[in-house]
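Asker: What shape does this take:
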Amino acid sequence: MDLKPVFENHLAQSTSFLPIQLEIETAEGIYLYDRQGKKYIDLISGVAVNNLGHRHPAILEAIRIQSQKYLHLMVYGEFVQKETLLLAEKLASLLPPELSVSFFVNSGSEAIEGAIKTARLYTKRNEVISFQGSYHGSTLATLNLLGDEIYKRPFRPLVPGFKLLKFNDTNSLAHITEKTSCVIMETIQTASGMRVGELEFLIKVRNRCKETGALLILDEIQTALGRTGQMFSFETFRIKPDILCLAKSLGGGLPIGAFIASNTIMNALKNGHPLLGHATTFGGHPLSCAAALATLEVLIKENFISEIPEKEMLFRKLLQHKLIRKIEGKGFLLSVDLGEEKICKHFVERAIPNGIVTYWFLFNIQSFSIIPPLTISLEEIKVACELILKTLDEVTLIHN
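Answerer: Numbers count the residues shown, from 1 in each chain. Below you'll find the model as predicted:
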């Protein structure tokens, strides 16, 4: 059965340009397999979701065990559910004492929304600050945080009270004042081609929030769980958030998000609002929580995170080509700059028949992503780089 007509006619499309439309039959480790059995190296990881690769045995076993107990029972926070509590306890054990209470949701956008509401209730202020080049979701509220007007214009008027500053510009931080409820920031701007925050800038943001009483919300939806060589990227950059947002890789392939703060801050949701300061039906779903707990336990026990710096350097060493302008990012959040949008698009298109799946960035169409599972081996990296260089050679012939 040809599923592409169904895909095009009955599935709502999220982009104005043609999707990849690979029809995947199975996936295992770092590989995707189509209906003909062709193998593809996954250098996107579901956009930083599959940190342990596809169908990791520990995650599958956790899902199997939980599926035999129960699935959804009640809306979030009403019943005492072991899997949800064990995950919250595990996260608290991995984080600083100030980040001890988790509120589980279904996605990254929901985590950001919940964090904003919590910050506004806690500070009793309305202004929210983010940075140009950032991406924090596509809901009506999180659209305000985007650093690119082209994505926001069709939906105006948006929610008032949001302000954008320049990323890595310390002079702009004077705009964080006693009117600011929170500052939302990525340590690495993932949608802009992995633009890394400068250490001095990140520390000054942290300090400015302390000075003004604004809360610092770190969006670690893509950067957490090993991608920068630490469990959380704020450890890499030596700053601590007041509220931490997680999603994507947390569920090991199942949908889950979380915003995490201290008891004092999180209590604003119940003490600062008469009823339902924040609510979700499926947040903390037992199946997703079981998968997330298994994901964390594997990352703790295995050496995947400690291997990231060596694996990053191998990618950088092997990817030498005249079309490559530069490689930006950190750890397994890398972008390869090819200089021109049309060259990058041709590369992404031609990489697929060569067995490589990658993509360009929302705000940086001249660069393609290297976001592989943390489990990729050194030998698999060498094969991936050979296929990338082969594809770059083919693209070179087109543009000569």
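Asker: what about the helices in the chain?
Answerer: For the chain, the helices defined by DSSP state H cover 4-10, 45-48, 57-67, 82-94, 108-123, 149-152, 199-212, 233-237, 263-266, 268-271, 286-301, 308-318, 341-351, 378-399.
Asker: Where does the prediction get shaky in the chain?
Answerer: Residue ranges of the chain with pLDDT under 70: 1, 6-7, 11, 14-20, 272-275.
Asker: Please report phi then psi for the residue nearest the centre of it.
Answerer: Nearest residue to the geometric centre of the chain (C-alpha atoms, centre = their mean): Gln222, 2.1 Å. Dihedral pair for Gln222: phi -110, psi -30, per degrees, to the nearest 10.
Asker: who are the neighbours in contact with the closest residue in space to Val128 that isn't next to it in sequence?
Answerer: If you skip the residues right next to it in sequence, Val128 has Phe162 as its closest partner in space, 5.0 Å away by C-beta to C-beta, 6 or more residues apart in numbering. All C-beta atoms are positioned from the backbone trio N, CA, C, and that covers glycine. By C-beta atoms under 8 Å, 6 or more residues apart in numbering, the contact list for Phe162 reads Glu127, Val128, Ile129, Ser130, Asn144, Leu145.
Asker: isn't the residue nearest to the centre of the chain right next to Lys248, touching?
Answerer: Yes. Using C-beta atoms under 8 Å, Gln222 is in contact with Lys248, at 5.9 Å.
Asker: Find residues that contact each of those two.
Answerer: Counting by C-beta under 8 Å, 6+ apart, the contacts common to Gln222 and Lys248 are Val47, Ala48.
Asker: which residues does Phe347 contact?
Answerer: Leu323, Leu338, Phe368, Thr391, Leu392, Val395.
Asker: The third one: what's its closest spatial neighbour, skipping adjacent residues?
Answerer: Meaning Phe368. That would be Thr358: by C-beta to C-beta, 6+ apart, it lies 4.8 Å from Phe368.
Asker: Can you name the residues that contact that neighbour?
Answerer: Going by C-beta under 8 Å, 6+ apart, the list of residues near Thr358 reads Leu43, Ile44, Val348, Ala351, Phe368, Ser369, Ile370.
Asker: mind putting those in CSV, neighbour count included?
Answerer: Shown next, in CSV, are those (neighbours: other C-beta atoms under 10 Å):
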residue, neighbour count
Leu43, 25
Ile44, 20
Val348, 21
Ala351, 24
Phe368, 27
Ser369, 25
Ile370, 25
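Asker: Tell me the one of those residues nearest Thr212?
Answerer: Ser369 (35.2 Å; C-beta to C-beta).
Asker: so the closest one makes contact with Phe361?
Answerer: Yes. Assessed by C-beta under 8 Å, Ser369 is found in contact with Phe361 at 6.5 Å.
Asker: list residues touching both of the two?
Answerer: Common contact partners of Ser369 and Phe361 (C-beta under 8 Å, 6+ apart): Met194, Ser335.
Asker: now the residue nearest to Val128: how far from Asn168?
Answerer: 20 Å (C-beta to C-beta, to the nearest Å).
Asker: re earlier: just the contacts of Thr358: which are in strands?
Answerer: Phe368, Ser369, Ile370 (DSSP state E).
Asker: Name the residues of stretch 137-153 that come out as buried.
Answerer: Buried residues in stretch 137-153, counted by 16 or more other C-beta atoms under 10 Å: Gly137, Ala141, Thr142, Leu143, Asn144, Leu145, Leu146, Gly147, Asp148.
Asker: And those, which two are furthest apart?
Answerer: Greatest spatial distance among the buried residues of stretch 137-153 (C-beta to C-beta): Ala141 and Asp148, at 16.4 Å.
Asker: and the gap between His56 and Gly251?
Answerer: Counting by C-beta to C-beta, the gap from His56 to Gly251 is 12 Å.
Asker: let me fix that: Arg35
Answerer: For Arg35, the distance to Gly251 equals 26 Å [C-beta to C-beta].
Asker: These two: who's more crowded?
Answerer: Gly251 (26 against 12; other C-beta atoms under 10 Å).
Asker: Please list all residues in contact with the more buried one.
Answerer: Val49, Ser288, Ala291, Ala292, Thr295.
Asker: Reformat these as TSV; add distance to Ala279 and neighbour count.
Answerer: Listed next are the contacts of Gly251 as TSV, based on distance: C-beta to C-beta, whole Å; neighbours: other C-beta atoms under 10 Å:
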residue	distance to Ala279	neighbour count
Val49	25	22
Ser288	17	26
Ala291	23	28
Ala292	20	30
Thr295	26	26
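Asker: of all these, which comes closest to Ser262?
Answerer: Among the contacts of Gly251, and counting by C-beta to C-beta, the member closest to Ser262 is Ala292, at 21.1 Å.
Asker: Test my guess that that closest one contacts Pro255.
Answerer: No. In this structure, Ala292 is not within contact of Pro255 by C-beta under 8 Å, at 10.2 Å.
Asker: Quick check: the nearest residue to Gly329 once chain neighbours are set aside vs Met231, distance?
Answerer: Leaving aside its chain neighbours, Gly329 sits nearest to Met194 (3.1 Å; criterion: C-beta to C-beta, 6+ apart). Met194 sits 19 Å away from Met231, going by C-beta to C-beta.
Asker: Counting neighbours, go ahead and name the busier of these two.
Answerer: Comparing Met194 with Met231 by neighbour count (other C-beta under 10 Å), the higher total belongs to Met194, at 27 against 19.
Asker: Which one of the contacts of Phe347 is nearest to Pro97?
Answerer: Nearest to Pro97 out of those is Phe368 (C-beta to C-beta; 40.1 Å).
Asker: Might one say that the closest one is in contact with Gly339?
Answerer: No. Using C-beta under 8 Å as the test, Phe368 is too far from Gly339 to be in contact (11.7 Å).
Asker: residues contacting Ile188?
Answerer: Met194, Arg195, Val196, Gly197, Gln222, Thr223, Thr228, Ser233, Gly329, Lys330, Leu333.
Asker: typo on my end, Leu319
Answerer: Ile327, Val336, Cys385, Ile388, Leu389.
Asker: most neighbours, which of these?
Answerer: Neighbour counts for these peak at Val336, which has 29 neighbours (criterion: other C-beta under 10 Å).
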